[in-house]
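Novice: what shape does this take:
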Amino acid sequence: MEAGDARRGERALRRAAGVWGARPLASIRPSDVQSYVKASALAPSSLKTELQHIGAVFAMAVNDGLIVRSPMKGVRRPKPADAPPGWLPREDVEALADAASDWFRIAVVLGHALGLRQSELRGLTHTRVRHLQREVVIDRQAERHTFGWAPTKNSVVRTIPTDATVIEAIEEHRSLHGVGPHGLVLHRHGAFVNAAMVDRAWRPTRSAAGLPATVRYHDLRPHARFRAAVGRALPDRRGGRARGRAGHRA
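Specialist: Sure thing, here's the model as predicted:
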């Protein structure tokens, strides 16, 4: 099994265990699985993959004589929706996240979930992550080559609402890798990440995910642009220029 498949399988089984706990396998009915499907917040394609992993466990239980019949039989799966033009399909984003190096995985997650440009991601500090409000403030971006701050595009300040999953991903990254210089979220072994380093990390990640060379880091963003269009990620109306440069507020 590939490493990415193994990680997806582990996540699927953890989520299922969180719902069914220590219940005996024989006590889980098709109606329980159908309720699990209805309650899932995953995209249809991701849920399909998750159910395949869960179904494999029940299939092994049948083969071992632990249960007579798999509760997966007869469960209605959601139909996958076509990705709108310009979107990377959800399964491609998940493949990228699974293929990314540990330090770079958060770049894929935030690029997709928040719609950040790579310069905004490289300039994001933990002080701009509002955990209780589940918001991330984007009021500046990092310089391309050397450490320093620059205003965001058109000097627009954005306060982006997000969810607990994204906040947890940021905290998990922090617990594993610590905090970068000046409180940066993205760093490599404590060092500032410039644009060339992102490009060097992106190319093998894209290749390992099985995506063509035409897919760029920027292509993670249309998902969030669509959310903004329907009002889920509205720009902060305060405007103004991004704060400071290197040596100022971190």
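Novice: what residues of the helix or strand Gly9 falls within count as buried?
Specialist: Here Gly9 sits within helix 3-20, counting by DSSP states H and E. For helix 3-20, the neighbour count (16 or more other Cβ atoms under 10 Å) marks 4, 8-9, 11-12, 15-16, 20 as buried. In short, each C-beta sits where N, CA and C put it, glycine included.
Novice: want to throw those into JSON lines with pLDDT and distance to Ala191?
Specialist: Output for the buried residues of helix 3-20, formatted as JSON lines (pLDDT from 0 to 100; distance: Cβ to Cβ, whole Å):
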{"residue": "Gly4", "pLDDT": "56", "distance to Ala191": "27"}
{"residue": "Arg8", "pLDDT": "70", "distance to Ala191": "30"}
{"residue": "Gly9", "pLDDT": "76", "distance to Ala191": "33"}
{"residue": "Arg11", "pLDDT": "79", "distance to Ala191": "30"}
{"residue": "Ala12", "pLDDT": "79", "distance to Ala191": "35"}
{"residue": "Arg15", "pLDDT": "83", "distance to Ala191": "35"}
{"residue": "Ala16", "pLDDT": "85", "distance to Ala191": "39"}
{"residue": "Trp20", "pLDDT": "89", "distance to Ala191": "44"}
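Novice: turn those into JSON lines, including distance to Lys153.
Specialist: Converted to JSON lines, these look like this (distance: Cβ to Cβ, whole Å):
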{"residue": "Gly4", "distance to Lys153": "33"}
{"residue": "Arg8", "distance to Lys153": "35"}
{"residue": "Gly9", "distance to Lys153": "40"}
{"residue": "Arg11", "distance to Lys153": "34"}
{"residue": "Ala12", "distance to Lys153": "38"}
{"residue": "Arg15", "distance to Lys153": "37"}
{"residue": "Ala16", "distance to Lys153": "42"}
{"residue": "Trp20", "distance to Lys153": "47"}
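Novice: and these, which two are furthest apart?
Specialist: Gly4 and Trp20 (24.8 Å; Cβ to Cβ).
Novice: and the strands in the chain?
Specialist: 129-130, 135-138, 141-142, 149-150, 158-161 (DSSP state E).
Novice: which one of those lies closest to Val179?
Specialist: Across the strands of the chain, the minimum distance to Val179, taken as Cβ to Cβ, is reached by strand 129-130, at 11.3 Å.
Novice: counting contacts, what elements does that closest one pack onto?
Specialist: Helices and strands touching strand 129-130, by 3 or more Cβ pairs under 8 Å, 6 or more residues apart in numbering; DSSP states H and E, are strand 135-138.
Novice: quick one: contacts of the strand it packs on?
Specialist: The contact list for strand 135-138 (Cβ atoms under 8 Å, 6 or more residues apart in numbering) reads 114, 116, 120, 124, 128-130, 152, 157-162, 166, 236.
Novice: one step back: comparing the strands of the chain by mean pLDDT, which bottoms out?
Specialist: When these are compared by mean pLDDT, strand 149-150 comes last with a mean of 86.
Novice: and it, how far from the chain's centre?
Specialist: Relative to its chain's centre, strand 149-150 lies at 25 Å (Cα atoms, centre = their mean, to the nearest Å).
Novice: show me the domain layout of the chain.
Specialist: Using automatic domain parsing, the domain parsing of the chain gives 3-63, 90-229.
Novice: dump the ones you listed to CSV, plus distance to Arg76.
Specialist: CSV is the format used below for those (distance: least, Cβ to Cβ, whole Å):
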stretch, distance to Arg76
domain 3-63, 7
domain 90-229, 20
